[in-house]
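[1] Predicted structure and sequence below. I'll ask about it afterward.
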Amino acid sequence: MAKGILHSAKMLIGEFDNVESLSLEEDMGSEELDEKLHEKLNESEMEVQHLILCDIIGGTPFNVASKYSFRNDNIAVYFGLNLPLLVEAIMKVNDHTLKEIVEYLKSIDKSTIGLSDI
């Protein structure tokens, strides 16, 4: 998740815990991103659940993160990141399981985008 959108979420809802960003920089390849994600995931206990939010399916962050979710039920990768979706996920992170958060995001994700008909 990009640092900019995380900063925007903090402007909307204030400070929060248990959320980190990891961005794919212009000069970074998939191997370096994989190393950084591996480090972040290994910093936590095995039973800790991780929701990884990515912008687009098939992009490098999505592809790198997905291989971790295939091997670990405590990791979920959700694509289609936007600010309303991030805020909703942050509001749920401390009181819900990973499965509950993912199900909730799937139920609201279409309401976080749209066309103005005003």
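    That came through fine.
[2] where does the residue nearest the centre of the chain land in three-state SS?
    Residue closest to the mean C-alpha point of the chain, counted by CA atoms, centre = their mean, is residue 53 at 2.0 Å. Look at residue 53: counting by DSSP: H, G, I helix; E, B strand; the rest coil, its state is strand.
[3] what sits against it?
    Residue 53 sits next to 1, 78, 79, 81, 85, 86, 89 when contact means CB atoms under 8 Å, 6 or more residues apart in numbering. Just so you know, the C-beta spots here come from the backbone N, C-alpha and C atoms, and that holds for glycine as well.
[4] Tell me which entries of the residues you listed lie within strands.
    78, 79 (DSSP state E).
[5] which one among the contacts of residue 53 gets closest to residue 117?
    residue 85 (21.3 Å; CB to CB).
[6] Excluding covalently adjacent residues, which one is nearest to that closest one?
    residue 112 (5.0 Å; CB to CB, 6 or more residues apart in numbering).
[7] is it true that that neighbour touches residue 82?
    Yes: using CB atoms under 8 Å, residue 112 makes contact with residue 82 at a distance of 5.4 Å.
[8] Could you check which of the two has the larger neighbour count?
    The neighbour comparison of residue 112 against residue 82 (other CB atoms under 10 Å) goes to residue 112, with 16 against 13.
[9] Got the confidence number for the more buried one?
    Note on residue 112: pLDDT of 89.
[10] tell me the contacts of it?
    Contacts of residue 112 (CB under 8 Å, 6+ apart): 82, 84, 85, 88.
[11] Need the residues you listed in TSV (columns: distance to residue 28).
    Formatted as TSV, the contacts of residue 112 follow (distance: CB to CB, whole Å):
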residue	distance to residue 28
82	23
84	27
85	24
88	28
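[12] so which of those is the most crowded?
    residue 85 (19 neighbours).
[13] from what I can see that residue touches residue 107, true?
    No: using CB under 8 Å, residue 85 is not in contact with residue 107, being 11.4 Å away.
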